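In: this is the structure alone, sequence omitted:
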C-alpha cells in the first residue's frame, strides 16, 4: 500500500513538474534590448556616476603586486566616464528595465537626487544613535510617495549586485587590455 501511494505521489510530481517549470519566474527583461533601452541605461549610469562604483570595486580588489594596482588605477583615470557607461550598459540592460532607467535618471537629475549621489560617494561614516530615526527630507518624502519611483527604486536596488558584478567584469577586461 505504501509503495502504491509513493508511486502515485512520484508520478503526480513528475507530471506536474513541467507545468511548474514552465511558469517559474521568467527573466523580467529577457530578450534582446533595444538601442533606446541601452541608451536609457547609459543615461542612468551617467546620472548615478557609476564610474565611482568601478573605482570602489578596484579599491576593494586584490592585486598580485602594487605595480599592477597602480596600473589599473592609471587606466581608470584615463578612461572617460562615457566609455564606462557605454561598456556597462548592454549587460545591465537585461536587469534594469527601460521604465526603471527612465524614472531613476529623472530622479537622479533632480537637485535632491544629485545631492544623494554626491553624499553616496563623498561622505564619511555616519553614526546613528539607538532609537533615533533618520531625517527624511521633504523632497524625498514626496518622491517616496510616487508609485513609479517606488517600483523603480526597488528594481534598481535589486540590480545593485549585478551592477557591482558587471563593474568587476569590466575592471578585469580593462586590466587585461593594458597588458
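Out: Thanks, I have the structure now. The shown structure was predicted, so the numbers you read here are calculated from the model rather than taken from an experiment. Numbers count the residues shown, from 1 in each chain.

In: need the next SSE after the helix or strand bottoming out on mean pLDDT in the chain, C-terminal direction.
Out: Sorting the helices and strands of the chain by mean pLDDT, DSSP states H and E puts helix 2-23 at the bottom, at a mean of 44. Once helix 2-23 ends, the next helix or strand along the chain (criterion: DSSP states H and E) is helix 35-48.

In: roughly how far out does that following helix sit from the chain middle?
Out: 12 Å (Cα atoms, centre = their mean, to the nearest Å).

In: also stretch 137-145?
Out: 22 Å.

In: how about that stretch: buried residues?
Out: Buried residues in stretch 137-145, counted by 16 or more other Cβ atoms under 10 Å: residue 143. Backbone N, C-alpha and C define where each C-beta goes, glycine included.

In: could I get the average pLDDT for that stretch?
Out: Stretch 137-145 carries an average pLDDT of 75.

In: got the contact list for it?
Out: The contact list for stretch 137-145 (Cβ atoms under 8 Å, 6 or more residues apart in numbering) reads 107, 110, 111, 112, 136, 149, 150.

In: next, count neighbours for the first one.
Out: Taking other Cβ atoms under 10 Å as the criterion, the count of residues near residue 107 is 21.

In: right, and it touches residue 156 too?
Out: No: assessed by Cβ atoms under 8 Å, residue 107 is found out of contact with residue 156, at 9.5 Å.

In: centre of the chain to the helix ranked longest in the chain, how far?
Out: The longest helix of the chain (DSSP state H) is helix 147-177. Put simply, helix 147-177 sits 3 Å off its chain's centre (Cα atoms, centre = their mean).

In: which other helices and strands contact that helix?
Out: With contacts taken as 3 or more Cβ pairs under 8 Å, 6 or more residues apart in numbering; DSSP states H and E, helix 147-177 sits against helix 51-60, helix 66-78, helix 81-92, helix 98-108.

In: quick check: which of the ones you listed is nearest to residue 127?
Out: helix 51-60 (21.2 Å; Cβ to Cβ).

In: follow-up on the earlier one: now the longest helix of the chain and helix 51-60, what's the angle there?
Out: 50 degrees (axes from the mean of the first three to the mean of the last three Cα atoms, to 10 degrees).

In: how far off helix 81-92 does helix 147-177 point, in degrees?
Out: Using the same axes, to 10 degrees: helix 147-177 against helix 81-92 is 110 degrees.

In: please name the residues that touch the residue nearest to residue 34 when sequence neighbours are not counted.
Out: Leaving aside its sequence neighbours, residue 34 sits nearest to residue 98 (Cβ to Cβ, 6 or more residues apart in numbering; 7.9 Å). Residue 98 makes contacts with 34, 36, 37, 40, as judged by Cβ under 8 Å, 6+ apart.
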